[in-house]
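Enquirer: let me see the structure of the following:
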Amino acid sequence: MKTNKLIILFIFVFNTVFSQQKNASSIATDSTNITKDSTITKRNHNRWSIEIGTGVSNGTRPYTDGYFTSSNNQLFNGFILNCYTVGTRYNFSNTIGLKMDIAFDRFINSEESTSKPFEVAQYRTSIQGIFNLNSLVKPKNEISRFNLLFHAGIHLAILKPISADYNKKVSNGDSYGGIVFGITPIIRISKKTAVFLDFSSFNNYGQNLTWNGKHSEVANNSNGHMFSGTFGLSFALDKKQ
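Expert: Prediction:
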């Protein structure tokens, strides 16, 4: 009887020790994998980074009658690259940050559309706050290759007609400001490099020219809207990791 109890006790102790060793081994393996991940740094986020991108932008309103950028069956004006951006981002933590950028947009009628010809250029800059949406579903200190950022802020812009047939005395440019917001998925591919997509909406106030470079009608005066979809690379500037 005592022998049976000893055997049962031995089996119990053996199973307990084996389970603890297995758990410890699993933790060590996970730790090793994190260490070997080339995209993970001692600090979970990079402070400073720069972004360089290109993509498609489109002014949705206002237009003068007879002018528009694309045909109805085309999305994003046929995906013709007409937007170029350079920006910098500062992360206070994994959750919040600040970004500033400058951009150039070129709006022109599509050759496949029946729009009257036009060509205008927009120069803009913005400053925006950033919120990492990952923090809503993951612990703040959890390291992830993928981040989804929400950003919003204010922007300033100058719109200038550049076609030769514009009367510069009438349409010599327009300056305005507004509100911008959007989302930016980011995928980190190394310690200091990431690829990003950005989708933004711009609401303009004080825009007196249409996107085709003419003065707005009274019904549309002082208000405008555009959107952009860009992609590019983000480079961290931190020297110490």
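
Enquirer: name the spans of this protein whose pLDDT lies under the cut-off.
Expert: The model of the chain has pLDDT under 70 over residues 1-45, 70-78, 111-113, 138-143, 164-172, 217-221, 240-241.

Enquirer: all helices for it, in order.
Expert: Ranges of helices in the chain, per DSSP state H, are 2-36, 76-79.

Enquirer: give me the domain ranges for the protein.
Expert: As assigned by automatic domain parsing, the chain contains the domains 1-36, 42-236.

Enquirer: can you show me the CA trace of stretch 152-165 as PDB?
Expert: Provided in PDB are the C-alpha atoms of stretch 152-165 (Å, rounded to 0.1, in the frame of the first residue of the first chain):
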ATOM      1  CA  ALA A 152      -6.000  64.900 -38.000                       C
ATOM      2  CA  GLY A 153      -5.100  68.600 -38.000                       C
ATOM      3  CA  ILE A 154      -5.000  71.700 -40.100                       C
ATOM      4  CA  HIS A 155      -3.400  72.500 -43.500                       C
ATOM      5  CA  LEU A 156      -2.600  75.600 -45.500                       C
ATOM      6  CA  ALA A 157      -2.500  75.600 -49.300                       C
ATOM      7  CA  ILE A 158      -1.900  77.700 -52.400                       C
ATOM      8  CA  LEU A 159      -3.600  77.000 -55.700                       C
ATOM      9  CA  LYS A 160      -2.100  78.400 -58.900                       C
ATOM     10  CA  PRO A 161      -3.300  78.000 -62.600                       C
ATOM     11  CA  ILE A 162      -0.400  77.000 -64.800                       C
ATOM     12  CA  SER A 163      -1.900  76.700 -68.200                       C
ATOM     13  CA  ALA A 164      -0.800  79.200 -70.800                       C
ATOM     14  CA  ASP A 165      -4.300  80.400 -71.700                       C
END
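
Enquirer: buried ones in it?
Expert: Buried positions in stretch 152-165, judged by neighbour count with 16 or more other C-beta atoms under 10 Å: 155, 157, 159-161. In this view, the C-beta of every residue, glycine as well, is placed from N, C-alpha and C.

Enquirer: can you lay out those residues as CSV showing distance to L197?
Expert: CSV is the format used below for these (distance: C-beta to C-beta, whole Å):
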residue, distance to L197
H155, 19
A157, 22
L159, 26
K160, 28
P161, 31
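
Enquirer: which of those residues lies closest to S228?
Expert: H155 (11.0 Å; C-beta to C-beta).

Enquirer: list the contacts of that closest one.
Expert: 124-127, 177-180, 202 (C-beta atoms under 8 Å, 6 or more residues apart in numbering).

Enquirer: repeat the analysis, applying 10 Å as the threshold.
Expert: 101, 103, 124-128, 176-180, 200, 202-204 (C-beta atoms under 10 Å, 6 or more residues apart in numbering).
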